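Colleague: what shape does this take:
(2 chains)
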Amino acid sequence: MLPMLLRVKIRDEERSFGFYLPMVLIYLLFIPVVLLGAIAVAILLAIPETSKQAQSYLRLLLALPSLLSASIGTEVDIQSDTKDIVIRII
Amino acid sequence: MNEERMRILQMLSEGKLTPDDAEKLLQALEVKPRESEVVNPNRTMDVKGKYLFVQVDPKEGKSSERVSVKVPLALVKAGLNITKLIPVEAQDKIQSSIHESGIPFNLSDIDPQNYEEIMEALEQMSIDVDTDESTVKVFCR
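Modeller: Modelled structure (predicted):
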């Protein structure tokens, strides 16, 4: 399962705010890129000279979602006297 | 001597088993631990719920920034798995960049057999770096 939410929390001396960013919005933004990429890979696969190279890049691209899904649970927490920043992938 | 072995010997003494049958059963018992040894390395590869922590704590009177990073071990494992999918020509470029940076590391050294060793070593790893400014801890939990 791909990460669904990105939790960002920022606190400084004056104010504190946090938000949950639905990752679906980011995935939606990437749809045109994925579509264009799919067309480019399809063309490269159809050309005999480049098909082998395209296959290896395609395998790599297909493995990227697994990397994204494995990132669930990642947390970065930076605290200082004046500022706190917390980023969580949920 | 374990219970199963004792029971086999007892059945042999009672005449419920022939010496041949007893020998076969005892041999089967000896094989069992070897099978479990084969399964155990796979168990160490189960990284669900395990995290790699990097914590930087400042020393008193020094920089006040405290950093804590928690990375799922599954992400490290997925990253290692992806390295074998990197096309050869791209690997060459990455390799030359690594060498230019002065890091004595070969991507080709990472093979599937090493993944298990790396993950196992990571799970047991604990690094403490103590400097004048801060302490850095890297560990898995």
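Colleague: pLDDT score for residue 8?
Modeller: Reading this off chain A. Listed pLDDT for A:V8 reads 94.
Colleague: think we crossed wires, I meant chain B
Modeller: 77.
Colleague: do I have it right that it meets B:K24?
Modeller: No. Using CB atoms under 8 Å, B:I8 makes no contact with B:K24, being 9.7 Å away. For every residue, glycine as well, the C-beta is placed using N, CA and C.
Colleague: A:G37: how many residues sit nearby?
Modeller: 14 (other CB atoms under 10 Å in any protein chain shown).
Colleague: and for B:V76?
Modeller: Count around B:V76 with other CB under 10 Å applied: 20.
Colleague: now it, what's its secondary structure?
Modeller: helix (DSSP: H, G, I helix; E, B strand; the rest coil).
Colleague: okay but it is in contact with B:I82, surely?
Modeller: No. If you go by CB under 8 Å, B:V76 and B:I82 don't touch, sitting 10.8 Å apart.
Colleague: within range of chain B, give me the residues from chain A.
Modeller: Residues of chain A found near chain B (CB under 8 Å from any CB of the partner chain) are A:53, A:56-57, A:59-60, A:63-64, A:66-67, A:69-81.
Colleague: list buried residues within those.
Modeller: Neighbour-count burial (16 or more other CB atoms under 10 Å in any protein chain shown) applied to these gives A:53, A:57, A:60, A:66, A:70-79.
Colleague: hmm, which two among these are most spread apart?
Modeller: Across these, the longest distance by CB to CB is 46.3 Å; it joins A:Q53 and A:Q79.
Colleague: check the residue most central in space within chain B and give its pLDDT.
Modeller: Nearest to the geometric centre of chain B sits B:E120, at 1.2 Å (CA atoms, centre = their mean). Note on B:E120: pLDDT of 80.
Colleague: tell me if it really is in a strand.
Modeller: No. Under three-state DSSP, B:E120 falls outside any strand and is assigned helix.
Colleague: and chain B, which residues reach chain A?
Modeller: Checking chain B against chain A by CB under 8 Å from any CB, the hits are B:51, B:64-72, B:74-75, B:77-79, B:81-82, B:85-89.
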